[in-house]
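Chemist: Provided below for reference: sequence and predicted model.
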Amino acid sequence: MNEVKQKREDFINQYPPLNLLNKQDIGKIWAEEDFHLYVHIPYCIKKCDFCYYVSYENKNGQIPEEYLEALKKEIRLYGGMEQFKNRKVRSIYWGGGTPTLMSLSQIKDLLEVIWESFQIHEDVEFCCEVRPGPETTKEKIMLMKEYGLKRVSIGCQSLNDNVLKLNGRNHNSNTFYKTFNMVRECDVFSINVDLMSGLLGDTQETFLYSIDEMIKLRPENLTIYKLEVYLNNLLYKKTLGQEARFITDEEEAEHVEAAYNRLLENGYLLSDNYSFCSEDKYRQIHRYNTWEGEDMIGVGLSSHSCYGLTIYQNDNRMADYMEQLQNDKLPIRRAYEFSVYEDMVRMIIFGIKSVSYPLEKFSRKFGIGADVIFADKLSYLQKEGYIDIKDGILNTTLKGALYADDVVRIFYPDRYRDAVLAHKARG
Ligand SMILES: C[S@@+](CC[C@H](N)C(=O)[O-])C[C@H]1O[C@@H](n2cnc3c(N)ncnc32)[C@H](O)[C@@H]1O
Ligand code: SF4
């Protein structure tokens, strides 16, 4: 450590020292970071038994115009804010619910409002979630393509018809193939398919069958969600007193490990702890850039946002959401401002989840290395074979990826390390 020299040196009124000022950094003074937009459409023709998303069942298959009017107002309110004037939208994600339940003219209107309200990045990554079914039409995909649609994310869940039925899914494997082939014909940059592990009735054999079919179809992105069951979930209620049982966490892990190995053997790359891509260029900007801390504004009922060091969430009751917008207010229900230390924790968590993380990103952001801040924890994870640090890159091993959501919990500050959702049913 340097010693204090008692010399009564020059008065300090600036830090860092003025002799660090340079020409190159002038361009950085007004530089504005891109941001990301999530748009929530909370309606489905039928609510799936397992679904934990905020979405209403609307059997007539239409999206109420009042909701879309409120949503557009919310987008315009953000568009009018000084904070977004000089920044570009780098990615747009339409999720739900089922965004393709909107009619062609509703889709066009919503797109127009987004394009009028913000500056859109010339290479915007626009992704839309779709359900395999008649509402997902070629006309809708082609219309979104005119606005730069880059990825269509299809919820398949399983290719076993019994499993689909048992879990209250409103489509069968045939419908999935039809939708997949139709989207292929539209020639979008990438198709993502969602599968789920641990569904009721799924065995290793049926699960691996779905994986093998994906290997043949070769979507550019493949996401595997572990079924999460909540006590208020229809699926959970269905199993009470019935013969059907959920597989154990250990069985689910075996299924997923076998699936990961099969995908890797067949040329897929692990792009984060729960998804794969066929080539590196298909890694999802929306997910990774927001994981690296870029701002994300979520619009629509119950949407989550992160702006600077504050996370916040919109109203999740429709009446509250509509009322705030009728009064020209952003429909924000709750927020949490976090500390720089929590930001460091966030970066290391998502670094590990993204399976390959250049540690230089961490030190550039915080001016201190993750290996200094988290020395003990990182060396423990390395010793246990969850991660491997080489040439400044933190790589998550296959074992680390399979258990990433457990692994990263060791970085949680003590006061909320054990925070678990009390209404979770499976264990
Ligand atoms: C909003 S949905 C996808 C779009 C469309 N609504 C559909 O289902 O086809 C996003 C994905 O979340 C996953 N998901 C839904 N409920 C889940 C749960 N309880 N546990 C884990 N994943 C879930 C499903 O894989 C689903 O495809
Ligand atoms: S279609 Fe998608 S969003 Fe709708 S209930 Fe099913 S999983 Fe949830």
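Modeler: Everything's here; your move. Ligands and ions are numbered 1, 2, ... in the order given.

Chemist: Would you mind listing what in the chain touches ligand 1?
Modeler: 50-53, 95-98, 129, 131, 155, 157, 194, 196, 225, 227-228 (C-beta under 6 Å from any ligand atom). (Each C-beta comes from the backbone N, C-alpha and C, glycine too.)

Chemist: and the helix or strand residue 69 falls within, what other elements does it pack with?
Modeler: Here residue 69 sits within helix 65-79, counting by DSSP states H and E. The elements that helix 65-79 packs onto, with contact taken as 3 or more C-beta pairs under 8 Å, 6 or more residues apart in numbering; DSSP states H and E, are helix 104-117, strand 296-299, helix 318-326.

Chemist: Count the neighbours of residue 334 for me.
Modeler: 10 (other C-beta atoms under 10 Å).

Chemist: what residues does the helix or strand where it lies touch?
Modeler: The secondary structure element spanning residue 334 is strand 332-337 (assigned by DSSP H and E). For strand 332-337, the surrounding residues in contact (C-beta atoms under 8 Å, 6 or more residues apart in numbering) are 309-316, 320, 324.

Chemist: go on, stretch 101-112?
Modeler: Judged by C-beta under 8 Å, 6+ apart, the contacts made with stretch 101-112 from elsewhere in the structure are 39, 41, 43-45, 58, 61-63, 65, 68, 71-72, 99, 135, 139-140, 143-144, 147.

Chemist: Tell me if it is near ligand 2.
Modeler: No. Applying C-beta under 6 Å from any ligand atom, one finds stretch 101-112 out of contact with ligand 2, separated by at least 9.5 Å.

Chemist: for that stretch, which positions count as buried?
Modeler: 101-102, 106-111 (16 or more other C-beta atoms under 10 Å).

Chemist: what's around the residue of the stretch 251-400 of the chain found nearest ligand 1, how many residues?
Modeler: With C-beta to the nearest ligand atom as the measure, the residue in the stretch 251-400 of the chain that lies nearest ligand 1 is residue 274; the distance is 9.7 Å. The burial metric for residue 274, expressed as a neighbour count using other C-beta under 10 Å, is 19.

Chemist: show me what contacts the most centrally placed residue in the chain?
Modeler: Geometric centre of the chain, nearest residue: residue 287, 5.0 Å, by C-alpha atoms, centre = their mean. Residue 287 makes contact with residue 272 under the criterion C-beta under 8 Å, 6+ apart.

Chemist: Could you check how far the helix or strand hosting it is from the centre of its chain?
Modeler: Using DSSP H and E, residue 287 falls within helix 285-291. A distance of 8 Å separates the centroid of the chain from that of helix 285-291, by C-alpha atoms, centre = their mean, to the nearest Å.

Chemist: what about the helices in the stretch 301-427 of the chain?
Modeler: With DSSP state H, counting those that start in this stretch as the definition, the stretch 301-427 of the chain shows helices at residue ranges 318-326, 340-353, 359-366, 370-373, 375-383, 398-402, 404-407, 414-417.

Chemist: Where does the stretch 101-250 of the chain get nearest to ligand 2, residue-wise?
Modeler: Scanning the stretch 101-250 of the chain for the residue nearest ligand 2 gives residue 131, at 4.8 Å (criterion: C-beta to the nearest ligand atom).

Chemist: Not counting sequence-adjacent ones, nearest residue to that residue?
Modeler: Setting aside the residues directly before and after it, residue 131 is nearest to residue 98 in space (C-beta to C-beta, 6 or more residues apart in numbering), at 5.0 Å.

Chemist: How many residues are close by that neighbour?
Modeler: Per other C-beta under 10 Å, the neighbour tally for residue 98 reads 25.

Chemist: which other helices and strands contact the host helix or strand of residue 92?
Modeler: Secondary structure from DSSP H and E places residue 92 in strand 88-96. Using 3+ C-beta pairs under 8 Å, 6+ apart as the contact criterion, the neighbours of strand 88-96 among helices and strands are strand 35-41, strand 119-130, helix 285-291.

Chemist: Buried residues, stretch 326-334. List them.
Modeler: For stretch 326-334, the neighbour count (16+ other C-beta under 10 Å) marks 330-331 as buried.

Chemist: I'd like the mean pLDDT over it, please.
Modeler: Looking at stretch 326-334 alone, the average pLDDT works out to 97.

Chemist: hang on, the earlier thing: go ahead and confirm the residue nearest to residue 131 touches residue 55.
Modeler: Yes. The criterion here is C-beta atoms under 8 Å, and residue 98 meets it with residue 55 at 7.5 Å.

Chemist: What about residue 399, how many residues nearby?
Modeler: Other residues lying near residue 399 total 14 when counted by other C-beta under 10 Å.

Chemist: Same check on residue 79?
Modeler: Residue 79 is surrounded by 16 other residues when neighbours are defined as other C-beta under 10 Å.

Chemist: So for it, what's the pLDDT?
Modeler: The predicted structure scores residue 79 at 97 on the pLDDT scale.

Chemist: Chain neighbours aside, what residue packs nearest to it?
Modeler: In space, and not counting its chain neighbours, residue 79 is closest to residue 117: 2.7 Å by C-beta to C-beta, 6+ apart.

Chemist: Next, work out how far apart the one you found and residue 110 are.
Modeler: In this structure, residue 117 and residue 110 are 11 Å apart, going by C-beta to C-beta, to the nearest Å.

Chemist: repeat for residue 265
Modeler: Distance, residue 265 to residue 110, using C-beta to C-beta: 42 Å.

Chemist: try residue 269
Modeler: Distance, residue 269 to residue 110, using C-beta to C-beta: 33 Å.

Chemist: Please apply the same query to residue 207.
Modeler: Here the criterion is C-beta to C-beta. By it, residue 207 lies 36 Å from residue 110.

Chemist: Please apply the same query to residue 369.
Modeler: Noted for residue 369: a distance of 44 Å to residue 110, by C-beta to C-beta.

Chemist: contacting residues around residue 285?
Modeler: 90-91, 125.

Chemist: Turn the residues you listed into TSV, including distance to ligand 2.
Modeler: Written out in TSV, the entries for the contacts of residue 285 read as follows (distance: C-beta to the nearest ligand atom, whole Å):
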residue	distance to ligand 2
90	25
91	20
125	21
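
Chemist: any chance of those in TSV, with distance to residue 30, neighbour count and pLDDT too?
Modeler: Formatted as TSV, these follow (distance: C-beta to C-beta, whole Å; neighbours: other C-beta atoms under 10 Å; pLDDT from 0 to 100):
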residue	distance to residue 30	neighbour count	pLDDT
90	18	22	98
91	23	26	98
125	25	22	98
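
Chemist: OK, contacts around the residue of the stretch 101-250 of the chain closest to ligand 2?
Modeler: In this structure, residue 131 makes contact with 44-45, 98, 100, 154-155, 170-171, judged by C-beta under 8 Å, 6+ apart.
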